[in-house]
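Chemist: Sequence unavailable; structure follows:
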Ligand SMILES: Cc1ncc(COP(=O)(O)O)c(C=O)c1O
């Protein structure tokens with residue numbers, strides 16, 4: 001099983017003659033190791049997974065969800081079971097505007113509700129990228145963004161991150177050397193590095209984006225998962241040329257990914273074409289989900305809910321940090337202030353060796369090179385702490401430790 005799974009997970013889908021028939025657009029799409037790992041862990045329940053970015057399902061009030069679903073079926077059938085407005089269900093847009101725009105000035109912007117924030121990324125890839133387009137990405141970068149953008153064959157350029165955001169000199173040099181068309185950034189509790197940009201850097205990057213006329217795709221999937229409730233102002237809020245910014249949000253990490261609901265704040269000058277592209281994609285976002293979540297948000301004390309998930313994840317994070325400090329003192333990571341992950345560097349091992357070993361021991365983490373355009377020699381793994389119960393986390397870390405010790409001794 002061991003080696004076989006490793007080989008299966010590491011080779012992408014381009015293995016058979018299907019390629020002969022495929023368009024160039026889809027032939028280069030990266031596979032998601034995370035989804036492959038999820039399949040393995042679903043099939044074999046002995047696997048302990050630090051791999052997914054899965055919110056803890058026990059944090060959702062079942063009673064309220066039942067009420068919201070009942071209300072949808074009893075009172076809102078006419079809307080919930082029909083096609084809807086392609087930009088989203090009006091009541092849910094109001095909730096987003098009221099509670100999830102972080103005080104942003106919405107003048108000149110519209111909310112478009114999407115099938116997860118992932119659909120927003122895909123649509124923006126379709127919008128702005130084609131062969132040769134220079135697209136700047138953080139290094140490391142969210143794997144799903146690579147999947148969303150790669151069909152359009154842009155020219156990816158990596159921007160290394162420091163502990164408080166990008167190196168500004170390096171960024172400016174890139175802007176001077178190349179005409180960058182878009183910059184995709186995930187500035188709060190970034191997946192996978194967990195880095196959160198300082199406010200100073202947000203301001204300076206906003207000024208550079210204005211100076212060089214760059215489109216910003218700002219992904220705020222983890223904004224509301226700061227352990228202490230800090231809400232960082234978006235990079236976009238410091239721009240003069242606000243019309244060149246798209247801000248992406250999601251209900252996946254704060255409510256549930258099962259509903260597949262996210263949103264994009266779209267500058268009005270792009271709204272018509274964004275809506276047309278979305279219609280070609282799905283006509284409209286899942287109406288039933290949108291209505292249930294609207295009812296849920298009316299019933300749920302949101303502040304209490306967010307406090308509950310933040311303090312639960314903080315506690316889980318602290319536990320994983322303690323376990324790692326105890327069992328694996330050689331590894332290093334930046335202690336995150338929010339989100340769902342640790343980004344851990346294992347010295348003196350190869351990623352492939354570790355991966356093979358941990359799969360054999362039935363424990364999984366995501367190998368760091370999955371989040372990079374150019375492979376790194378360093379061995380990083382992304383470890384999730386939001387999902388596993390504490391006892392399983394401990395067992396998982398013990399197994400990782402055994403593998404690591406076997407390799408380095
Ligand atoms: C940074 C980031 N952006 C976007 C997404 C997509 O999330 P969803 O489509 O569930 O909203 C994820 C999911 O893990 C993510 O980590």
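Modeler: Happy to help now that I have it. If you're wondering where the values come from, they're calculated on a predicted model, not measured in any experiment.
Chemist: which residues touch whatever residue of the chain ends up closest to the ligand?
Modeler: Residue of the chain nearest the ligand, by CB to the nearest ligand atom: residue 116 (2.5 Å). (C-beta placed from N, C-alpha, C; glycine too.) Counting by CB atoms under 8 Å, 6 or more residues apart in numbering, residue 116 touches 250, 252, 257, 260, 261, 262.
Chemist: which one of these is nearest residue 64?
Modeler: Closest approach between the contacts of residue 116 and residue 64, by CB to CB: residue 261, at 16.3 Å.
Chemist: for the stretch 51-200 of the chain, what are the low-confidence residue spans?
Modeler: The model of the stretch 51-200 of the chain has no residue with pLDDT under 70.
Chemist: which residues in it form helices?
Modeler: Assigned by DSSP state H, counting those that start in this stretch, the helices in the stretch 51-200 of the chain fall at 62-75, 77-80, 90-99, 116-128, 143-149, 168-177, 199-211.
Chemist: got the buried residues for the third one?
Modeler: Spelled out, it's helix 90-99. 91, 92, 93, 95, 96, 97 (16 or more other CB atoms under 10 Å).
Chemist: Likewise for the shortest one?
Modeler: By neighbour count, with 16+ other CB under 10 Å as the criterion, the buried positions of helix 77-80 are 79, 80.
Chemist: Outside of it itself, list whatever touches it.
Modeler: Contacts for helix 77-80 (CB under 8 Å, 6+ apart): 72, 73, 89, 287, 288, 291, 292.
Chemist: okay, now the second one: neighbour count?
Modeler: Neighbour count of residue 73, defined by other CB atoms under 10 Å: 13.
Chemist: Do I have it right that residue 232 meets residue 188?
Modeler: Yes - counting by CB atoms under 8 Å, residue 188 is a contact partner of residue 232 at 5.1 Å.
Chemist: Overlap in contacts, those two.
Modeler: With CB under 8 Å, 6+ apart, residue 232 and residue 188 have common neighbours 196, 197, 223, 226.
Chemist: Now for the third one: which residues touch it?
Modeler: Residue 223 makes contact with 102, 188, 189, 231, 232, 249 under the criterion CB under 8 Å, 6+ apart.
Chemist: which residue packs closest to the fourth one, ignoring adjacent ones?
Modeler: With CB to CB, 6 or more residues apart in numbering as the criterion, residue 231 has its nearest non-adjacent residue at 5.2 Å, and that residue is residue 102.
Chemist: do you know how far the one you found is from residue 375?
Modeler: According to CB to CB, to the nearest Å, residue 102 and residue 375 sit 35 Å apart.
Chemist: Out of those two, name the residue with the larger neighbour count.
Modeler: residue 102 (16 against 9).
Chemist: Centre of the chain to stretch 385-395, how far?
Modeler: Here stretch 385-395 shows a centroid-to-chain-centroid distance of 21 Å under the convention CA atoms, centre = their mean, to the nearest Å.
Chemist: again, but for stretch 206-214
Modeler: Taking CA atoms, centre = their mean, one finds stretch 206-214 lying 24 Å from the centre of the chain it belongs to.
Chemist: What residues of that stretch count as buried?
Modeler: Going by 16+ other CB under 10 Å, stretch 206-214 has these buried residues: 206, 208, 209, 210, 212, 214.
Chemist: Just the residues contacting it, thanks.
Modeler: Contacting residues not belonging to stretch 206-214 are listed as 136, 168, 171-172, 175, 180-183, 216, 235-241, 244 [CB under 8 Å, 6+ apart].
Chemist: So which of those residues belong to strands?
Modeler: Among the contacts of stretch 206-214, DSSP state E puts 136, 182, 183, 216 in strands.
Chemist: Adding distance to residue 64 as columns, could you present the contacts of residue 223 in JSON lines?
Modeler: As requested, the contacts of residue 223 are exported to JSON lines (distance: CB to CB, whole Å):
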{"residue": "102", "distance to residue 64": "24"}
{"residue": "188", "distance to residue 64": "27"}
{"residue": "189", "distance to residue 64": "26"}
{"residue": "231", "distance to residue 64": "24"}
{"residue": "232", "distance to residue 64": "28"}
{"residue": "249", "distance to residue 64": "21"}
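Chemist: Who wins on neighbours among these?
Modeler: Across these, neighbour numbers were computed from other CB under 10 Å; residue 188 holds the maximum, 29 neighbours.
Chemist: so that residue sits right up against residue 196, yeah?
Modeler: Yes - shown here, residue 188 and residue 196 form a contact pair, counting by CB under 8 Å, at 5.2 Å.
Chemist: give me phi/psi at the nearest residue to residue 330 once chain neighbours are set aside?
Modeler: Nearest non-adjacent residue to residue 330, counting by CB to CB, 6+ apart: residue 347, 5.8 Å away. Main-chain torsions, residue 347, degrees, to the nearest 10: phi -80, psi 150.
Chemist: now the one 10 residues further on
Modeler: The phi/psi pair for residue 357 (degrees, to the nearest 10) reads phi -60, psi -40.
Chemist: which ones are touching it?
Modeler: Residue 357 sits next to 403, 404, 406, 407 when contact means CB under 8 Å, 6+ apart.
Chemist: possible to save those as TSV with secondary structure, pLDDT and distance to residue 390?
Modeler: Converted to TSV, the contacts of residue 357 look like this (DSSP: H, G, I helix; E, B strand; the rest coil; pLDDT from 0 to 100; distance: CB to CB, whole Å):
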residue	secondary structure	pLDDT	distance to residue 390
403	helix	97	21
404	helix	97	21
406	helix	95	25
407	helix	95	26
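Chemist: what about burial for the residues you listed, which qualify?
Modeler: 403, 404.
Chemist: for the contacts of residue 357, which one is nearest residue 351?
Modeler: residue 407 (11.2 Å).
Chemist: The closest residue to the closest one other than its chain neighbours: neighbouring residues, count only.
Modeler: Spatial nearest neighbour of residue 407, excluding adjacent residues (CB to CB, 6+ apart): residue 349 at 5.0 Å. For residue 349, the neighbour count with other CB under 10 Å is 18.
Chemist: count of neighbours near the residue lying closest to residue 140 once chain neighbours are set aside?
Modeler: Of all residues beyond its chain neighbours, the one nearest residue 140 is residue 371 (3.8 Å), with distances taken as CB to CB, 6+ apart. Neighbours of residue 371 under the rule other CB under 10 Å: 26.
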